[in-house]
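Participant: have a look at this fold, sequence not included:
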């Protein structure tokens, strides 16, 4: 049996479905006339579980002998990791250093995601984006951001 | 009838206030711009703006978001015709004949036909909302919990049957969305569900953060590296007024496109791309010279452009009157209404007449703005295409982050954004429909509430869904689609196994 992206989805459905049923039973199913908070999680979790099993079976049947496929294409590993890292760093910086350093770091790291970016464009891009963000959010909408901050 | 006239008058009055005219203009301009740009569509733009609509009055925010939606249906045609590059999927089919017309030096008439056809369709669509929505509201007012639960069941199955990635993954994605939508305090019992002891999750997942993560972040990741900056080989626009012969061929096509689009727009799952595509197929099949299609037939521009614009208007009918959106954009729109504290449904016209009629009025004004603004500004829109995507995505990313952060001034929101960005990307790569996921998320709480209430009213008798004629219709329809979809799936599976 070769592993296919749809196997991963099937396993996800089975797993989440199972967890939903387990937690739902814990929250309490109640009765049909008076359903508890766990009723829908149990019913939907069961549905998801069944669809997950069906998907795994179907994929195994349809792809017997086919080559395994990667979930993430090679070319997208770089943007995937870089973009998420840029967001995380922004989240870490904005509370401590303020909006402007946060946005600058976001753009600086996010810029690495695309190979086509040219280094000499980066400073101009950072300035332009900071200006646009300031113009829209701070001046236009008047949202009281801390532009600079120092709280560690 | 005097009722109808006074309602329309109220709508135009609300829509013509300075503030609302501004939101409408902003909406249609943004809509046209993103309609032109490949890689940025109405779904992303509306999710990015969701955090900002918190601060707007309800009328302003729906007028703005609606303008983006139908403006994008409009703007997509410009680049299809001039550059053979559809800005939106809904305009892809316009490339076939529109671009050929442009190569023959008839770009001006193609653009004018697209604009006039869209304007005509938009006007009809708006009128249809004004006429059909109150009628649908009076039917929907008779709906009880059983009918609503059955309707959501049927709508989700119908949408999943044509979802990307197939029926099983479509339903699965919807169920995942529903489960996520249930997270937080249970309304009936107060029990915290799926919060795993995290206090911030008790109010549930924030809709705006979810939408930005699922759509904007995942789209950026998949688009980087996949779009080349287009080479600009603009053909001359030529004269802007269609010839008499073109006009004679175009108007019946626009009429048929409008009818088809208006109908398909109301169905769950059909969407704009499907309506423009079907309109094109209809024109081709009823034409006496189908051979002209693909080499610059005016009908091939008029019909799909009218169809997608009509559909973008009528899609509002089920969303506003039943509270059941048929597409992800409409789900976002519904989310925006809920954020504003407006409950869509049959009582919306009576409870929020300003909002409902103001929206209808703004749609007509917006369509007028589009036809006036678009043609003279074509040069500007084409220039927009020279902005390389590796600059654009950084703007989108910064906008997304700052917008999401401004909701609660908490970096936890950003963490949630990272998680849903990753989830959205992985689901998309595994060919699971994000549209189904967001529909499930929006409809889940409504389904649960009505499902539980229906059963408690019938004292636990599940026959309540069968004994009521409207509910029975939805259930039978839903099961029929389910059977059709699963048997074709089994057949396909067996066939693939045999190959």
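Facilitator: It's in. Keep in mind that what you see is a predicted model, and the values were worked out from it rather than measured.
Participant: any weak-confidence spans in chain B?
Facilitator: Applying pLDDT under 70 to chain B flags the ranges B:1-2, B:39, B:225-239, B:270, B:488-499.
Participant: pop the domain breakdown of chain A in here.
Facilitator: When chain A is parsed with automatic domain parsing, its domains come out as A:5-62, A:74-140.
Participant: is the first one in proximity to chain B?
Facilitator: It refers to domain A:5-62. Yes - among the residues of domain A:5-62, A:5-6, A:8-9, A:13, A:16-17, A:20, A:23, A:27-28, A:31-41, A:44-45, A:47-48, A:51-52, A:54-55, A:58, A:61-62 lie within reach of chain B under C-beta under 8 Å from any C-beta of the partner chain. In this view, the C-beta of every residue, glycine as well, is placed from N, C-alpha and C.
Participant: now stretch A:140-150
Facilitator: Yes - figure legend: stretch A:140-150 in contact with chain B (C-beta under 8 Å from any C-beta); contacting residues A:141, A:143, A:145.
Participant: from those, which single one is nearest chain B?
Facilitator: Checking the residues of stretch A:140-150 next to chain B against chain B with C-beta to the nearest C-beta, the nearest one is residue A:143 at 5.1 Å.
Participant: so which residue is dead centre in chain B?
Facilitator: For chain B, the residue whose C-alpha lies nearest the mean C-alpha position (C-alpha atoms, centre = their mean) is residue B:329; its distance is 3.5 Å.
Participant: for it, give me its contacts.
Facilitator: Contact partners of residue B:329, counting by C-beta atoms under 8 Å, 6 or more residues apart in numbering or on different chains, are B:42-43, B:46, B:69, B:315.
Participant: now, those residues that are in helices?
Facilitator: Using DSSP state H, the subset of the contacts of residue B:329 located in helices is B:42-43, B:46, B:69.
Participant: now the residues you listed as JSON lines including neighbour count?
Facilitator: Converted to JSON lines, these look like this (neighbours: other C-beta atoms under 10 Å in any protein chain shown):
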{"residue": "B:42", "neighbour count": "29"}
{"residue": "B:43", "neighbour count": "24"}
{"residue": "B:46", "neighbour count": "30"}
{"residue": "B:69", "neighbour count": "29"}
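Participant: OK, contacts around residue B:411?
Facilitator: By C-beta under 8 Å, 6+ apart, the contact set of residue B:411 is A:91-92, A:94-95, B:405.
Participant: select only the buried ones of those in PyMOL?
Facilitator: Isolation of the buried members of the contacts of residue B:411 (16 or more other C-beta atoms under 10 Å in any protein chain shown) is achieved in PyMOL through the command below:
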select buried, (chain A and resi 91+94+95) or (chain B and resi 405)
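Participant: so which of the contacts of residue B:411 sit within helices?
Facilitator: With helices defined by DSSP H, the entries of the contacts of residue B:411 inside them are A:91-92, A:94-95, B:405.
Participant: which one of those is nearest residue B:215?
Facilitator: Checking those against residue B:215 by C-beta to C-beta gives residue B:405 as the nearest, at 17.6 Å.
Participant: which residues touch the closest one?
Facilitator: A:91, A:94, B:411, B:413-414.
Participant: look up how far residue A:103 lies from it.
Facilitator: Computed with C-beta to C-beta, to the nearest Å, the distance linking residue B:405 and residue A:103 is 10 Å.
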